[in-house]
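Undergrad: the following comprises the amino acid sequence and a computationally predicted model.
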Amino acid sequence: MIAFTGIGAASADDDQAELSLPDSTSELSEEKSEDAVVYSADLSSVKILDSESPTAESVEPQAAGRYIECKLGVHNVHGSHHVKGTINGTASVNCKYLNGGKAKVSALGLSYSLIRVSPKNKQWAAGMKNNSNKTSISNNRVVSCSAGAGRFQGWAQAVMRPPKGYKLATAPTKAKYGKSAWVACGKKGNPKSATNDVSEEITATFAPAE
């Protein structure tokens, strides 16, 4: 099971999510190793692997000079739109060129945990999914509506390896829209979050190596 820390239990009497304005200025915690660096926020973390070939000569001509942006999004937990009687939590990573078009990266991985904050904190883990030479990846965890009603949130960890000849352009940024949502059986009880179904995003930008 994925370890989850840093979230305090909310009052069971409060049936609205704790919402906040998007915050891209707060620094992410950073942990380096020989071949990777991990950036962590409240609800998510991103592990950036070194490119398999960091030399600029390996960048495809049509991709030269094109920055790549990969976004990890942890979505608000909600009553499933596809399977009646279940509560669903999801996360996804999507990569694109900043000047337009989807961008393939060397490798993506994504693990996810669905968490009931209150009452009786509990989490359900989804295993790591992996792909290669793709533009996106998603993961989710579904539980029965009997696990509610309660305050729910998700936690996700992404692994990204940029394409050959690319490197991390700068430290990733985060945008935070809220932590948890009150979910009753089959319904999302947080109308204020309807304008944005993402509770937290981490954005990593990759540039051609010099």
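TA: Done, it's in.
Undergrad: for residue 146, helix, strand, or coil?
TA: Here residue 146 takes the helix state, with states given by DSSP: H, G, I helix; E, B strand; the rest coil.
Undergrad: quick check: which ranges of the protein have low pLDDT?
TA: Residue ranges of the chain with pLDDT under 70: 1-26, 53-65, 186-196, 210.
Undergrad: if you set the cut-off to 80 instead, what comes out?
TA: Applying pLDDT under 80 to the chain picks out residues 1-27, 53-65, 81-82, 185-196, 210.
Undergrad: ranges for the helices of the chain?
TA: Here the chain has no helices by DSSP state H.
Undergrad: quick one: contacts for residue 135?
TA: Contacts of residue 135 were listed using CB atoms under 8 Å, 6 or more residues apart in numbering, and they are 94-96, 102-105. For every residue, glycine as well, the C-beta is placed using N, CA and C.
Undergrad: no wait, residue 41
TA: Counting by CB under 8 Å, 6+ apart, residue 41 touches 26, 28-29, 174, 176, 200, 202.
Undergrad: may I ask which of the contacts of residue 135 has the most neighbours?
TA: Among the contacts of residue 135, residue 105 has the most neighbours (other CB atoms under 10 Å), with 25 neighbours.
Undergrad: let me know whether that residue touches residue 159 as I believe.
TA: No. Residue 105 is beyond contact range of residue 159, at 10.5 Å (criterion: CB atoms under 8 Å).
Undergrad: that older thread, so which of the contacts of residue 135 sit within strands?
TA: Among those, the members falling in strands (DSSP state E) are 94-96, 105.
Undergrad: as CSV, those with distance to residue 126 would be great.
TA: Shown next, in CSV, are the ones in strands among the contacts of residue 135 (distance: CB to CB, whole Å):
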residue, distance to residue 126
94, 18
95, 21
96, 25
105, 21
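Undergrad: buried residues, stretch 103-123. List them.
TA: Burial within stretch 103-123, assessed by neighbour count using 16 or more other CB atoms under 10 Å, is assigned to 103, 105-118, 123.
Undergrad: quick revisit: and the ones in strands among the contacts of residue 135, which is closest to residue 147?
TA: residue 94 (28.2 Å; CB to CB).
Undergrad: and the closest residue to that closest one other than its chain neighbours, how many neighbours?
TA: Sequence neighbours aside, residue 136 is the residue nearest to residue 94 in space, at 4.6 Å (criterion: CB to CB, 6 or more residues apart in numbering). The local packing of residue 136 (other CB under 10 Å) involves 18 other residues.
Undergrad: wait, doesn't residue 136 sit right on residue 103?
TA: No. Counting by CB under 8 Å, residue 136 stays clear of residue 103, with 9.8 Å between them.
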